[in-house]
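# only the shape, not the letters, is given here:
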Ligand SMILES: Nc1ncnc2c1ncn2[C@@H]1O[C@H](COP(=O)(O)OP(=O)(O)OP(=O)(O)O)[C@@H](O)[C@H]1O
């Protein structure tokens, strides 16, 4: 649904976006992640047809952002990181103004506005003045405005920045609803925890360049310099926990083994399919193992591993 090929933007002699190439499949929530100054907003402005690329190609639903911006705007909704609102109008008046600007026919205008207000939970507030809204409500209003022309693709630049925890959670469930509606959502952020449980795929950028892109499992595998699992093994009999600790400490590739309550925690520098080797040592010694839990890399681990922390 979104394709970038060697997309490049230069400000004077400064290369802000450097031959960026990746694809976003239809219907996905796609995270565009990078530290401050990585070139996310610059890339997004090119996708949103507001900034001209210096070279390369970007297409949305097959339309080139540079040669066919009108077509792109018909299928794409863009929510910038900073947006203005008209303060002395009500929520309904604000949305009605933009629905007219989008030339939504009079016959369907009201039902379209109602649909967008329902989705963003603003219906009950429709007579409130925009100036009286909280930041989270304004964010939802801007998203409602972005949805008026029923775009297939949504491009959201740091949509959760500045929201309190409750508003962030509400925003996340709204994103899931958009995915259920089969929309493709391209969302930028430098806050990883905000995205890790909702995105299907990501592109990680640094200093204008792509570091890695793909679905989370694939990039976790690709970016892994060392296989690493955190293991927690619960032992039924507390008396045997010290001898169990001795056994795992002798096991190859186990590091930082320690006791915590009725469990042994350790890092195991091996593939998950080798985990049984640790358990085998314990079972052979008649240690009563009752539970094993393992966790592999999350989005934050991947990000820290693949980026150098360099900001241009
Ligand atoms: N109009 C401009 N003229 C000159 N330099 C610019 C311009 N716009 C952006 N830059 C520079 O390009 C680089 C990338 O900026 P950009 O805003 O795209 O980063 P970002 O990844 O969105 O950062 P943040 O997470 O802080 O919003 C920065 O070094 C910025 O100073």
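Ah, there it is. As the structure is a computational prediction, the values presented were derived from the model and not from experiment.
# wait, residue 125 touches residue 95, no?
No. Counting by CB atoms under 8 Å, residue 95 is not a contact partner of residue 125; they are 11.4 Å apart. C-beta: built from backbone N, CA, C; applies to glycine.
# show me which of those two is the more surrounded one.
residue 95 (25 against 18; other CB atoms under 10 Å).
# would that one count as being in a helix?
Yes. The assignment for residue 95 (DSSP: H, G, I helix; E, B strand; the rest coil) places it in a helix.
# so where is the stretch 51-200 of the chain shaky, pLDDT-wise?
191-194 (pLDDT under 70).
# for whichever residue of it sits closest to the ligand, which residues are in contact?
The nearest approach of the stretch 51-200 of the chain to the ligand comes at residue 190, 5.0 Å away (CB to the nearest ligand atom). Going by CB atoms under 8 Å, 6 or more residues apart in numbering, residue 190 touches 33, 34, 35, 36, 38, 40, 158.
# tell me the phi and psi of the residue nearest to residue 112 when sequence neighbours are not counted?
In this structure, residue 112 finds its nearest non-sequential neighbour in residue 104, 5.4 Å apart by CB to CB, 6 or more residues apart in numbering. Per-residue torsions, residue 104: phi -70, psi 120 (degrees, to the nearest 10).
# same thing with residue 111?
For residue 111, the backbone dihedrals (degrees, to the nearest 10) come out as phi -70, psi -30.
# residue 150 is in contact with the residue nearest to residue 112, correct?
No. Counting by CB under 8 Å, residue 104 does not reach residue 150; the two are 9.2 Å apart.
# which residues are common contacts for those two?
Counting by CB under 8 Å, 6+ apart, the contacts common to residue 104 and residue 150 are residue 112.
# those two: which is more packed in?
Comparing residue 104 with residue 150 by other CB under 10 Å, the one with more neighbours is residue 104, at 19 against 15.
# give the contact list for that one.
Residue 104 neighbours (CB under 8 Å, 6+ apart): 112, 148, 149.
# same check on residue 75?
Applying CB under 8 Å, 6+ apart to residue 75 gives the contacts 60, 61, 63, 151, 152, 153.
# residue 278 now?
So residue 278 contacts 231, 233, 248, 251, 254, 266, 268 (CB under 8 Å, 6+ apart).
# where's it relative to the ligand, distance?
41 Å (CB to the nearest ligand atom, to the nearest Å).
# now name the helix or strand holding that residue.
Taking DSSP states H and E as the definition, residue 278 sits inside helix 276-284.
# which elements pack onto the next helix or strand after that helix?
Toward the C-terminal end, the helix or strand that comes next after helix 276-284 (DSSP H and E) is strand 289-295. In this structure, strand 289-295 packs against strand 229-235, helix 276-284, with contacts taken as 3 or more CB pairs under 8 Å, 6 or more residues apart in numbering; DSSP states H and E.
# relative to strand 289-295, how tilted is the last one?
Relative orientation of helix 276-284 with respect to strand 289-295: 170 degrees, computed using axes from the mean of the first three to the mean of the last three CA atoms, to 10 degrees.
# what lies in contact with the longest helix along the chain?
Secondary structure of the chain per DSSP state H: the longest helix is helix 165-180. Residues from elsewhere that reach helix 165-180 (CB under 8 Å, 6+ apart): 27-29, 119-121, 134-136, 139-140, 143, 154, 159-160, 163, 185, 187, 194, 197-198.
# quick one: buried residues of that helix?
Within helix 165-180, the residues that count as buried by 16 or more other CB atoms under 10 Å are 167, 168, 170, 171, 172, 174, 175, 178.
# need the winner for burial among the helices and strands packed on strand 289-295.
With neighbours defined as mean count of other CB atoms under 10 Å, these peak in mean count at strand 229-235, which reaches a mean of 19.
# partner strands of that strand and their direction?
Using DSSP bridges, the strands paired with strand 229-235 are strand 263-268 (antiparallel), strand 289-295 (antiparallel).
# any idea which of these has the lowest pLDDT on average?
Per-stretch mean pLDDT for those is lowest at strand 289-295 (a mean of 88).
# host element of residue 118?
helix 106-119.
# pull the distance from that helix to the chain's centre.
Helix 106-119 has its C-alpha centroid displaced from the chain centroid by 28 Å (CA atoms, centre = their mean, to the nearest Å).
# show me what that helix is packed up against.
Looks like helix 106-119 contacts helix 91-101, helix 135-147 (3+ CB pairs under 8 Å, 6+ apart).
# the ligand contacts on the stretch 51-200 of the chain?
Selection of the stretch 51-200 of the chain residues close to the ligand by CB under 6 Å from any ligand atom yields residue 190.
# and residue 204, what does it touch?
By CB under 8 Å, 6+ apart, the residues touching residue 204 are 33, 34, 210, 211, 212, 213, 219, 302, 303, 306, 307.
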